[in-house]
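Trainee: Predicted structure and sequence below. I'll ask about it afterward.
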Amino acid sequence: MKWGLFGGTFDPIHFGHLRCAAEMLEIFDLNRIIFVPASRPPHKLDAAITPFHHREQMIRLAIEGNPAFSFSEVENRRDGASYSVETVEYILDKYRLENLDLYFILGQDAFHAIRTWKEWERLLLLCHFAVMTRPGYLNPGLETILGAKFASRFAYDEEVKGFLGPTGHAIYFRDVTFLDISSSNIRKRAKESKDIRYLVTDEVRHYIVKNSLYR
C-alpha cells in the first residue's frame, strides 16, 4: 500500500490543491491520498482561520466522487497546535501495515522552511517526502535546505530519482502543473462578493455562499 498525506489549512480547498494531488497520485502510483487539514497550524496561531467543520465540509465536497481521495480529521482530535510529526506517527501506528509506504506531500516553499517544524529531523526519517515543484524550479540543494550535517545522511539514488535516507525513505522533488491560485485570494474575492467560479469546485463555491464564509 502506498498512501500520500496532503496537509494544509485548506481555507478553502481549491483546484490548485486538487490538481497537484491528482498528479502526485499518478507520479508515485499511490493507492490513495489523504487530505489532512490542520486544526491549529503552528505558523498561523494568531491568524483568523475558518472553523474546522467548515473546512472539513468543503474538502469532503471537493473530493467527493474520487475514490482515491479521502479525508482525515486526526489533527482536529488533538489538543493544541497541529504538528506533522505527530500526524505521521499516528497514521503509521494506527494502520501498522508492514507494506505501507507513506508519502508526505508538500510544496517547495513549505519544504524550504522545514527546519522551523517540530522535530523536523525525526519527521524526515519517518516517511517519504514528496516535494511539489514548479517547472523550471532550481533546487538549491539539500545542504542549503537541511544543513550540511543532516543532508549528508541522504544520497541521490538514480533508480528512484530521489535522495535516499538511512531509514530507507527518500526525499523526492517532482514538477507538477502550477495553477496560480491562492486561498487568500479566494477569501478576498468572496469577501468582496466577487466571482470565485473556476477557482474552486461548484460544490465548494455553493457552500461558501450558503454559509456566508469570508464575508
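Mentor: Thanks, I have the structure now. Numbering: from 1, shown residues only.

Trainee: Show me what the helix or strand that contains R60 is in contact with.
Mentor: Using DSSP states H and E, R60 sits in helix 52-63. Outside helix 52-63, the residues within contact range by C-beta atoms under 8 Å, 6 or more residues apart in numbering are 9-13, 17-18, 35, 37, 39, 69-71, 73, 76, 200-201, 203-204, 207-208, 211, 213. Placement of C-beta: from N, CA and C, glycine included.

Trainee: Which positions in that helix come out as buried?
Mentor: Using 16 or more other C-beta atoms under 10 Å as the test for burial, helix 52-63 gives F52, H54, R55, E56, Q57, M58, I59, R60, L61, A62, I63.

Trainee: And for stretch 84-99?
Mentor: S84, V85, E86, T87, V88, E89, Y90, I91.

Trainee: Please convert those to JSON lines, extending it with distance to M24.
Mentor: Below are those laid out as JSON lines (distance: C-beta to C-beta, whole Å):
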{"residue": "S84", "distance to M24": "16"}
{"residue": "V85", "distance to M24": "21"}
{"residue": "E86", "distance to M24": "22"}
{"residue": "T87", "distance to M24": "17"}
{"residue": "V88", "distance to M24": "16"}
{"residue": "E89", "distance to M24": "22"}
{"residue": "Y90", "distance to M24": "21"}
{"residue": "I91", "distance to M24": "17"}
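
Trainee: Out of those residues, the closest to P135 would be?
Mentor: Using C-beta to C-beta, S84 is the member of these that sits closest to P135, with 26.3 Å.

Trainee: tell me the phi and psi of that closest one?
Mentor: phi -60, psi -40 (degrees, to the nearest 10).

Trainee: now swap in D29 and tell me
Mentor: phi 50, psi 50.

Trainee: contacting residues for the closest residue to it other than its chain neighbours?
Mentor: Using C-beta to C-beta, 6 or more residues apart in numbering and skipping residues adjacent in sequence, the residue nearest D29 is K2, 6.5 Å away. K2 is in contact with F28, D29, L30, N31, L100, D101, Y103, counting by C-beta under 8 Å, 6+ apart.

Trainee: and those, which of them are in strands?
Mentor: Those of the contacts of K2 mapping onto strands are D101, Y103, per DSSP state E.

Trainee: Kindly indicate which of the contacts of K2 lies nearest I196.
Mentor: Closest to I196, out of all of those and judged by C-beta to C-beta, is L30, at 28.9 Å.

Trainee: What's the local residue count around the closest one?
Mentor: 21 (other C-beta atoms under 10 Å).

Trainee: And D29, by the same measure?
Mentor: Neighbour tally, D29, other C-beta under 10 Å: 7.

Trainee: distance of it from D101?
Mentor: According to C-beta to C-beta, to the nearest Å, D29 stands 10 Å off from D101.

Trainee: could you give the mean pLDDT of stretch 52-62?
Mentor: Stretch 52-62 comes out with an average pLDDT of 97.

Trainee: what do you get for stretch 196-211?
Mentor: Stretch 196-211 comes out at a mean pLDDT of 98.

Trainee: List the buried residues of that stretch.
Mentor: Buried-residue list, stretch 196-211, by 16+ other C-beta under 10 Å: I196, L199, V200, T201, V204, R205, Y207, I208.

Trainee: what ranges of the protein fall below the confidence cut-off?
Mentor: 41-47, 97 (pLDDT under 70).

Trainee: I'd like the buried residues of stretch 196-211 laid out as JSON lines, including secondary structure and distance to I181.
Mentor: Formatted as JSON lines, the buried residues of stretch 196-211 follow (DSSP: H, G, I helix; E, B strand; the rest coil; distance: C-beta to C-beta, whole Å):
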{"residue": "I196", "secondary structure": "coil", "distance to I181": "10"}
{"residue": "L199", "secondary structure": "coil", "distance to I181": "6"}
{"residue": "V200", "secondary structure": "strand", "distance to I181": "9"}
{"residue": "T201", "secondary structure": "coil", "distance to I181": "12"}
{"residue": "V204", "secondary structure": "helix", "distance to I181": "12"}
{"residue": "R205", "secondary structure": "helix", "distance to I181": "13"}
{"residue": "Y207", "secondary structure": "helix", "distance to I181": "17"}
{"residue": "I208", "secondary structure": "helix", "distance to I181": "14"}
